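*Asks:* what follows is a predicted protein model with its sequence.
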Amino acid sequence: MTSTPTYPPNVTEGRRLAKVRERFLTADSFEPDQVRDAILASWWRSRRWNVAANHIDLSYVRDPDLDTPLTRSAMPVLRHLREHLDGQPISIILTDAAGVVLTRLMADRYLDRHLDSVQLAPGFSYAEASVGTNGIGTALEGGRPMHVFGHEHYAENLEDLACAGVPIHHPISGKTVGAVDLTCWRKDAGPLLITLAKTTADQIKQALLTDSGVREFALLQEYLRTCRHTAGIVFALNSDVVMLNEYARQTLDPADQTALLGQAAETLASRHVGPVVVELPTGVAARMYCRPVVGGNGLAGGVVHVKLLEPDNRQLDTRTPARMHLPGLVGSGPLWLRGCHRVDAVHESGEWLALDGEQGVGKLAILRAVHYRRNPAGRFHVTDAAEANGAQWLADVRQELLDADGSLVIRHVDRLDARRLQVLTGALQEARAAARHRSLWVAVTLGQVPESAELADLLRLFPSTVELPPLRHHVEDLHELVPHFLAKLSSEGRLACSPEAMQLLLRTRWPGNAEQLWQVLRRVVQHRRTGSIHPDDLPPECRTVSRRLLSPLESMERDAIVQSLLDSEGNKVKAAESLGMSRATIYRKIHEYGIVTPTASIGRRR
């Protein structure tokens, strides 16, 4: 019978823990209940990331940026804590969200010398993927306070230390912005170490809130002043808040709003002076004037005034606009909304995502929308595994994984062969080991195909899988999708769908999903640019309820039958005669293709 470990571990527990760790590292059997669950889970992660257990040899990441809201808010708190500790051998460490040490306040020279020897110093990353189980990296990985004592560390060079790390969450956005860590000698550790670290993190969070409140009040004041004195499109933004005036919301397409917000964030970050001309997704050009706003201890954000360089000739739509849950997307069906919310939640958590669904359901569209909602200024890059014809594609993807920031979407991973899947899996593992998942969000898309062993290995690197529903499972969204697509396809926005045509669209099975609907409407607007779309404007495929995608030859036969039925106003005998087939054959084909027999009342305009 094993005893429950005490914390901090006493001498006996420490020796037992050292033996358990040695058995784990040598793949021998051991009693799992002799190690805390959080520590054992971290050991397993460290092993998967191939972290060295017998030495620490880190690369210098970058010079720490000490002029950020986090450092400005945290430094007074940390200096006060150092004075309060009054020479106690406890090192006070602040890191960013990736575990890179920003500052380390000195404790005593012996402890500081040891911390230098294990590279726990400014500019080096103590992410769990770099050094294994430790107070900083394991707290950031788990998103909660973590104390690690002696032999609980994965790397043996840290076994003489004890550390207590606590993630720092931004009080407004909730995002993890860094961590505070208290490190001391193992022999000096006590249960109050984690309590002190939690209190310090709370004080930093409060300081961030105070600073954010001052900054956002300054941003709000300048935004309101600009709205009073400036006509046209005005908006304000910082990393946590976006404000748009009513004119901007009514005038700009959601995709244009997203593009302007992203460009404004980049312009403000680069401290560019002067107007910027932006080509918007709808084809309109805009001149943007960005003005930084200072508040609190630094930049509070920016206020932006926009002038459209081309007149907006689109007719105003007096109907209630479709509810937008994500930029550029419409739809309010419960299954569709559940998929949207799940993808959005996974992105917010920072977990890598596997997005599943039939061809054409909108996987790329929802990933792009979530990215621009959560990270409008970030880079959004798409690569398609279906185009992986040689080694260069894999080399390019690996480079993206190791160097890029923002979001990376790898489409159609299920189309890779076994060898390429193994290479891609290795590149993804390499990126995670380098803690790239903290600055790069990766999503893969795949169809509903049987999983191979190689694909299953790759998907293990993606903790969350979300399946998007086919269009036939939320067909009620056609009432929003059709006007939304027509507005994009019709430059003057004067084309609407008649109730009769909408009924046909609602009865269609849409095996090609939203992409098939888009292509259908694209063909319609080539010959019907204004007015209303009627049933005879729709292609033959909209008069079928087929449950599968047809081959090109089958599609041609179906279209010929539909056209003959239209020409004969639904008379099957006449249609069969015109096609040179028997009555029995046309009845069988109508049933096989799920053709909705047209009638004079809906097939022709009166």
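*Replies:* It's in. Numbers count the residues shown, from 1 in each chain.
*Asks:* gap between stretch 183-199 and the chain center?
*Replies:* Taking C-alpha atoms, centre = their mean, to the nearest Å, one finds the center of stretch 183-199 at 36 Å from the center of the full chain.
*Asks:* separation between residue 462 and residue 51?
*Replies:* Computed as C-beta to C-beta, to the nearest Å, the residue 462 to residue 51 distance reads 21 Å. C-beta here means a position set from N, CA and C on the backbone, and glycine is covered the same way.
*Asks:* so which bits of the strand or helix carrying residue 258 are buried?
*Replies:* Remark: residue 258 resides in helix 254-270, with elements defined by DSSP states H and E. Buried residues in helix 254-270, counted by 16 or more other C-beta atoms under 10 Å: 254-268.
*Asks:* how about the helices of the stretch 501-606 of the chain, start to end?
*Replies:* If you assign secondary structure with DSSP state H, counting those that start in this stretch, the helices in the stretch 501-606 of the chain sit at 513-525, 552-567, 572-579, 583-593, 600-603.
*Asks:* does residue 444 lie in a helix or a strand, and which?
*Replies:* Element membership of residue 444, judged by DSSP H and E, is strand 440-446.
*Asks:* hmm, who's touching that strand?
*Replies:* If you take C-beta atoms under 8 Å, 6 or more residues apart in numbering as the criterion, strand 440-446 is touched by 347, 350, 352-357, 363-364, 367, 371, 375, 401, 404-414, 428, 431, 455, 458-459, 462.
*Asks:* continuing past that strand, what's the next helix or strand?
*Replies:* For strand 440-446, the following helix or strand on the C-terminal side (DSSP H and E) is helix 453-459.
*Asks:* next, the buried residues of that next one.
*Replies:* When neighbours are counted by 16+ other C-beta under 10 Å, the buried residues of helix 453-459 are found to be 454-455, 458-459.
*Asks:* and for stretch 515-534?
*Replies:* Using 16+ other C-beta under 10 Å as the test for burial, stretch 515-534 gives 515-518, 520-521, 524-525, 528, 533-534.
*Asks:* and what of stretch 272-288?
*Replies:* For stretch 272-288, burial by neighbour count (16+ other C-beta under 10 Å) applies to 276, 278, 280, 284, 286, 288.
*Asks:* farthest pair within the residues you listed?
*Replies:* 276 and 284 (14.6 Å; C-beta to C-beta).
*Asks:* contact partners for residue 582?
*Replies:* For residue 582, the set of contacting residues under the criterion of C-beta under 8 Å, 6+ apart consists of residue 576.
*Asks:* next up, phi/psi of residue 569, please.
*Replies:* Backbone dihedrals for residue 569, given as degrees, to the nearest 10, come out at phi 50, psi 40.
*Asks:* and for it, the neighbour number?
*Replies:* Other residues near residue 569 number 14, with proximity taken as other C-beta atoms under 10 Å.
*Asks:* out of the helices of the stretch 501-606 of the chain, which is closest to residue 439?
*Replies:* Of all these, it is helix 513-525 that lies closest to residue 439, at 31.4 Å by C-beta to C-beta.
*Asks:* which elements pack onto that closest one?
*Replies:* For helix 513-525, the packing partners by 3 or more C-beta pairs under 8 Å, 6 or more residues apart in numbering; DSSP states H and E come out as helix 478-489.
*Asks:* adjacent strands (with direction) for the very next helix or strand once past the helix it packs on?
*Replies:* Proceeding C-terminally, helix 478-489 gives way to strand 495-497 as the next helix or strand, assigned by DSSP H and E. If you go by DSSP bridges, strand 495-497 pairs up with strand 531-533 (parallel).
*Asks:* quick check: mean pLDDT of the partner strand?
*Replies:* In this model, strand 531-533 has a mean pLDDT of 88.
*Asks:* swap in stretch 21-29?
*Replies:* Rounded to a whole number, the mean pLDDT of stretch 21-29 is 83.
*Asks:* return the set of buried residues in that stretch.
*Replies:* Neighbour-count burial for stretch 21-29, counted by 16+ other C-beta under 10 Å, picks out 21, 24.
*Asks:* can you give me the end-to-end span of that stretch?
*Replies:* Looking at stretch 21-29, the gap from its leading to its trailing residue is 11 Å under the measure C-alpha to C-alpha, to the nearest Å.
*Asks:* so where's the protein shaky on pLDDT?
*Replies:* Per-residue confidence for the chain (pLDDT under 70) gives these ranges: 1-9, 173, 296-297, 310-325, 449, 491-493, 544-552, 555, 596-606.
*Asks:* regarding it, what is its longest helix?
*Replies:* Across the chain, the longest stretch assigned as helix under DSSP state H is helix 192-229.
*Asks:* may I have the helix or strand that it is followed by as CSV, with CA atoms only?
*Replies:* The helix or strand immediately downstream of helix 192-229 is strand 233-237, counting by DSSP H and E. Output of strand 233-237 as CSV, limited to C-alpha atoms (Å, rounded to 0.1, in the frame of the first residue of the first chain):
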residue,chain,number,x,y,z
ILE,A,233,-16.9,56.3,-41.0
VAL,A,234,-15.1,56.4,-37.6
PHE,A,235,-13.9,53.6,-35.5
ALA,A,236,-11.5,53.1,-32.6
LEU,A,237,-9.6,50.0,-31.5
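*Asks:* which helices and strands does strand 233-237 pack with?
*Replies:* Applying 3+ C-beta pairs under 8 Å, 6+ apart, we find strand 233-237 packed against helix 192-229, strand 242-244, helix 246-251, helix 254-270, strand 298-308.
*Asks:* against residue 367, how distant is the residue nearest the centre of the chain?
*Replies:* Using C-alpha atoms, centre = their mean, the residue of the chain that lies closest to the mean C-alpha position is residue 347, 3.4 Å off. The span separating residue 347 from residue 367 equals 8 Å under the rule C-beta to C-beta.
*Asks:* equivalent analysis for residue 243, please.
*Replies:* The span separating residue 243 from residue 367 equals 26 Å under the rule C-beta to C-beta.
*Asks:* who has more neighbours, those two?
*Replies:* Comparing residue 243 with residue 367 by neighbour count (other C-beta under 10 Å), the higher total belongs to residue 367, at 23 against 18.
*Asks:* quick one: residues contacting the more buried one.
*Replies:* With contact taken as C-beta under 8 Å, 6+ apart, residue 367 is in contact with 343, 355, 407, 409, 443, 445.
*Asks:* out of those residues, who's nearest residue 83?
*Replies:* For the contacts of residue 367, with residue 83 as the reference and C-beta to C-beta as the criterion, the closest is residue 407, at 43.2 Å.
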